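J.: Here is my input; please provide its structure:
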Amino acid sequence: MDVLQAGIGEFSVTDPDELRAFMRTEKRRAMVDKVMPEAEAIRRYVKDGDYVSFDFSSFTRGPASLVREIIRQRRRDLWFAAKFTLMETTLLAVGGCLRGVDVGFLGLGRLIGKWVQEGRIKVTEWTNGTLTLRHLAGAMGVPFLPTRSLLATDTLTYSGAKVVQDPFTGKPIALVPAVNPDVGLVHVHQCDIYGNARCFGPGVSPLETAMASKRTIISTEEIITTDDIRKEPSKTTIPYYMVDAVVYAPFGSLPGGTQGLYEMDIPHFLEFMGASRDEQKMAAYLDKYVYSVASHEEFLDKRVGMARLLELKRQATIKEGYH
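T.: Alright, predicted model coming up:
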């Protein structure tokens, strides 16, 4: 197959056979209790130099509390999959956690763009769609998937994609390499102690992220019984055997929202945007919301408060899709 064009972006490839061997030997099939504190889950499964991915965004059902714990534990040299991301890249960058970013959407704030221009953080360009397609390839256990969406764009030039001649039509087609994150982070509405997880309402790729990742950490708004899971198995988004840790984290998406439960905290986002233009202000923001509190529970108690939590719950008037 002739390569007609190749992007110059940095990326890593996992041998599908090596991945299968890892999943076969390292992923437990036994129904064991995987509930653990957030700090333990990050300490056990997120290592310096890892490739980290997550499902959805800062605005809706993002794993915000897990991201804060990664920063709190001062992980370093991470490569981050920024698909549909907003706050996360900026927070991780200011926290000194990032080596590079696969860009679907780089993130909010002037600082992250400035640091990319200065070369402090490497980037490889994709699109939200093709970065998600890479996760689908990783979930399928294939080395790449074809797409037409990158053709004739500058994004392709700075990606890791290759353009080849389609053997069926003879026309150019772009191939995007599979990605298999070291760690996938997914925030869900409900989960049992074994990791059977439910996401309600819209999403991006919760199942694909969990399937593609070597390790998957679930944070959940609610822990329900396995009997409840079995009563309606069609609601299970992610099955237990893909999950390595379950973290009980009500309001775990704050300052974002979770569909049907609570709305995003707009004043908090405005505070973040005001800080994201200046390195010292962002350092102060991290100190306030990450370093000065020891856990997600303390964040809720000391930085949000019960009155604000109840107000955000009251604002979540759209219940469609959540049961």
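
J.: going forward, measure contacts between C-alpha atoms and count neighbours the same way
T.: OK.

J.: who's in contact with the residue positioned nearest the centre of the chain?
T.: The C-alpha lying nearest the average C-alpha coordinate of the chain belongs to residue 54 (CA atoms, centre = their mean; 1.2 Å). Contacts for residue 54 were tallied using CA atoms under 8 Å, 6 or more residues apart in numbering; they are 62-63, 81, 83, 184-186, 206, 209.

J.: Of all those residues, the one with the weakest confidence?
T.: Within these, pLDDT reaches its minimum at residue 83, with 89.

J.: residues in contact with the residue lying closest to residue 110 once chain neighbours are set aside?
T.: Of all residues not flanking residue 110 in the chain, residue 277 sits nearest, at 5.0 Å (CA to CA, 6 or more residues apart in numbering). Residues in contact with residue 277 (CA under 8 Å, 6+ apart) are 109-111.

J.: Out of those, which sit inside strands?
T.: Among the contacts of residue 277, DSSP state E puts none in strands.

J.: Adding neighbour count and pLDDT as columns, could you present the residues you listed in JSON lines?
T.: Output for the contacts of residue 277, formatted as JSON lines (neighbours: other CA atoms under 10 Å; pLDDT from 0 to 100):
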{"residue": "109", "neighbour count": "20", "pLDDT": "85"}
{"residue": "110", "neighbour count": "15", "pLDDT": "87"}
{"residue": "111", "neighbour count": "19", "pLDDT": "90"}
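
J.: Tell me the one of those residues nearest residue 219?
T.: Nearest to residue 219 among these is residue 109, at 26.1 Å by CA to CA.

J.: For the closest one, which residues are in contact?
T.: Counted by CA under 8 Å, 6+ apart, residue 109 has contacts 90, 273, 276-277.

J.: if we can go back for a sec, give me the number of residues near the residue nearest to the residue nearest to the centre of the chain when sequence neighbours are not counted?
T.: Spatial nearest neighbour of residue 54, excluding adjacent residues (CA to CA, 6+ apart): residue 185 at 4.5 Å. Residue 185: 27 surrounding residues under other CA atoms under 10 Å.

J.: Doesn't residue 113 lie inside a helix?
T.: Yes: per DSSP: H, G, I helix; E, B strand; the rest coil, residue 113 lies within a helix segment.

J.: contacting residues around it?
T.: residue 106.

J.: Can you check the pLDDT for it?
T.: Listed pLDDT for residue 113 reads 90.

J.: Distance of it relative to residue 312?
T.: Here residue 113 is placed at a distance of 31 Å from residue 312 (CA to CA, to the nearest Å).

J.: do the same with residue 277
T.: In this structure, residue 277 and residue 312 are 27 Å apart, going by CA to CA.

J.: which of the contacts of residue 109 lies closest to residue 36?
T.: residue 90 (27.4 Å).

J.: so what's the nearest residue to the closest one once chain neighbours are set aside up against?
T.: Leaving aside its sequence neighbours, residue 90 sits nearest to residue 112 (CA to CA, 6+ apart; 5.4 Å). Counting by CA under 8 Å, 6+ apart, residue 112 touches 89-90, 93, 106.

J.: Make JSON lines from these and add pLDDT to it.
T.: JSON lines is the format used below for the contacts of residue 112 (pLDDT from 0 to 100):
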{"residue": "89", "pLDDT": "94"}
{"residue": "90", "pLDDT": "94"}
{"residue": "93", "pLDDT": "94"}
{"residue": "106", "pLDDT": "90"}
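
J.: Among these, which one lies nearest to residue 128?
T.: Looking across these and measuring by CA to CA, the closest to residue 128 is residue 106, at 9.9 Å.

J.: name the element the closest one belongs to?
T.: Assessed by DSSP states H and E, residue 106 sits outside every helix and strand.

J.: Next one, pLDDT for the residue lying farthest from the centre of the chain please.
T.: For the chain, the C-alpha farthest from the mean C-alpha position belongs to residue 170; by CA atoms, centre = their mean, that distance is 36.5 Å. Model confidence at residue 170, given as pLDDT, is 93.

J.: that's a strand at residue 163, yeah?
T.: Yes: according to three-state DSSP, residue 163 belongs to a strand.

J.: Report the contact partners of it.
T.: Contacts for residue 163 (CA under 8 Å, 6+ apart) come out as 3-6, 151, 172-175.

J.: how about a cut-off of 7 Å?
T.: Counting by CA atoms under 7 Å, 6 or more residues apart in numbering, residue 163 touches 3-6, 172-175.
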